[in-house]
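Asker: Dropping a prediction and its sequence here:
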Amino acid sequence: MFVNILNNIELIENNKTEILNFWMDYDIVKNTLKKNKFDITFFKEKFASKVFDFAISVVKSENEAGECPVINVMLMLFKKKNIPLADIFLICVNLKNALLQFSYKNSILDDKMIDEISIVMDYNFEGVIREYVVMYYKDKPSYKMKKNITPNETKPKTETEINIEEEIETIEEESHTSASDYLLEIDVDMDMVAELNDLESDVLDTIEANDSLTQDSLLESANLFEQYAKVLNMMYEFEQLSYTLTILKDLLATTEFSTLDDDVKRKIKVYLTAIISDLKHWRVSIFIDSDAQDIHYLDKTLMSSIAQLEITLMPQDDSEEDELELF
């Protein structure tokens, strides 16, 4: 399907850094990320690079368009930071522009190349829009009982609202896999799963042994999340959770403890305790007791809590401060 891109795939892959730089260097991308307090380097390393890799895998028929697990992790962070859909459009659409710019620069851009780049990017972006709209719409309270609407009346729904509700119903009607059935279908290294128990206990003991957060708590937590990510990464069903734990691990391992104030330390300690406790409950329900009716029953809660902690730990874009210091 993507004959022209495939004919130039080696050139494109070998120049990934240049294409990502094109993407990140567009003023509209830099300004939009900066406006939403999203560090450009962090976005480039944790998300832009992975989105590029996934797009290439779609061209190679290794994955289906719109099914990138990294994108869902990114969208959870965007949602937690209340980034508007319009801004997400401005950020994401410029990957297509970067690919077109690179193709033009290297004299491989023609009508067919434009069509192929547009198709692969537009289909992936359509999945981003759909997922983000559903993510937001599902959390909004119902409008049916607003003032001036009697119990027997409802405000007429727009076609867009109807389509979104149908999308949500489709997602919710997907068959759930119980823990007992899931364990019959996969080969899990139960020794690795068992090792997580001791790590969880050790980390929780370290956190609870001190009134305030310590650097040891951060490093031990980072190690625990790294081990969790390794286990989950072996199971396709938990790729999203694995990747968001990997990001959290990196942030914890690179956080300058001396720069944290007491309020931030308190928040981190609360989040770490909650996340580790939820992970432990989830692990036992799936792999030990096998009594969970749905293996994904805690995914959204975990992803949400992890995303909130990641936002607390994420590097801040201090370019504005640097600019002020020059004058």
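Answerer: Yep, it's here. Numbers count the residues shown, from 1 in each chain.
Asker: who touches the host helix or strand of residue 224?
Answerer: Taking DSSP states H and E as the criterion, the element that holds residue 224 is helix 215-232. Around helix 215-232, the neighbours that count as contacts under CB atoms under 8 Å, 6 or more residues apart in numbering are 189, 192-193, 195-196, 199-200, 202-203, 206-207, 210, 238-239, 241-243, 245-246, 248-250, 252-253, 255, 257, 268-269, 272, 276, 279. (C-beta placed from N, C-alpha, C; glycine too.)
Asker: next one: stretch 197-208
Answerer: Stretch 197-208 is contacted from outside by 213-214, 216-217, 220-221, 223-224, 227, 269, 272-273, 276-277, 279-280, 283, using CB under 8 Å, 6+ apart.
Asker: And these, which of them are buried?
Answerer: Taking 16 or more other CB atoms under 10 Å as the criterion, what is buried in these is 213-214, 217, 220-221, 223-224, 227, 269, 272-273, 276, 279-280, 283.
Asker: Need the max-distance pair from those residues.
Answerer: Pairwise distances across the buried ones among the contacts of stretch 197-208 peak at 24.6 Å for 214 and 283 (criterion: CB to CB).
Asker: State the pLDDT value of the spatially most central residue of the chain.
Answerer: Of all residues in the chain, the one closest to the mean position by CA atoms, centre = their mean is residue 73, 1.0 Å from it. Predicted confidence (pLDDT) for residue 73: 91.
Asker: ok, now residue 188?
Answerer: 84.
Asker: can you give me phi and psi for it?
Answerer: The phi and psi values for residue 188, taken as degrees, to the nearest 10, are phi -110, psi 140.
Asker: need the contact list for it.
Answerer: Residue 188 sits next to 234, 235, 287 when contact means CB under 8 Å, 6+ apart.
Asker: any idea how far it lies from residue 237?
Answerer: Residue 188 sits 11 Å away from residue 237, going by CB to CB, to the nearest Å.
Asker: just residue 221 next, same as before
Answerer: 24 Å.
Asker: low-scoring stretches of the stretch 151-300 of the chain, by residue?
Answerer: Along the stretch 151-300 of the chain, segments meeting pLDDT under 70 span 151-175.
Asker: where along it do the helices fall?
Answerer: Remark: helices assigned in the stretch 151-300 of the chain by DSSP state H, counting those that start in this stretch are 159-172, 179-185, 190-208, 215-232, 239-254, 262-283, 299-313.
Asker: So the nearest residue to residue 252 once chain neighbours are set aside versus residue 89, what's the distance?
Answerer: In space, not counting the residues next to it along the chain, residue 252 is nearest to residue 222; the distance is 3.9 Å by CB to CB, 6 or more residues apart in numbering. Between residue 222 and residue 89 the distance is 34 Å, computed by CB to CB.
Asker: repeat for residue 280
Answerer: In this structure, residue 280 and residue 89 are 39 Å apart, going by CB to CB.
Asker: Likewise for residue 186?
Answerer: 38 Å.
Asker: So which of the two has more stuff around it?
Answerer: In this comparison of residue 186 against residue 89, neighbours counted by other CB atoms under 10 Å, the higher total goes to residue 89 at 15 against 10.
Asker: before we move on, the earlier item: helix/strand/coil for the residue nearest to the centre of the chain?
Answerer: In three-state terms, and counting by DSSP: H, G, I helix; E, B strand; the rest coil, residue 73 is helix.
Asker: which residues touch it?
Answerer: 47, 240, 243, 244, 247, 303, 307.
Asker: so what secondary structure elements neighbour the helix ranked longest in the chain?
Answerer: As far as residue count goes, and with DSSP state H defining each element, the longest helix of the chain is helix 111-139. Contact partners of helix 111-139 among helices and strands, from 3 or more CB pairs under 8 Å, 6 or more residues apart in numbering; DSSP states H and E: helix 3-7, helix 49-59, helix 69-80, helix 85-105, helix 159-172.
Asker: Among those, which comes closest to residue 111?
Answerer: Proximity of these to residue 111 was assessed by CB to CB; the nearest stretch is helix 3-7, lying at 9.6 Å.
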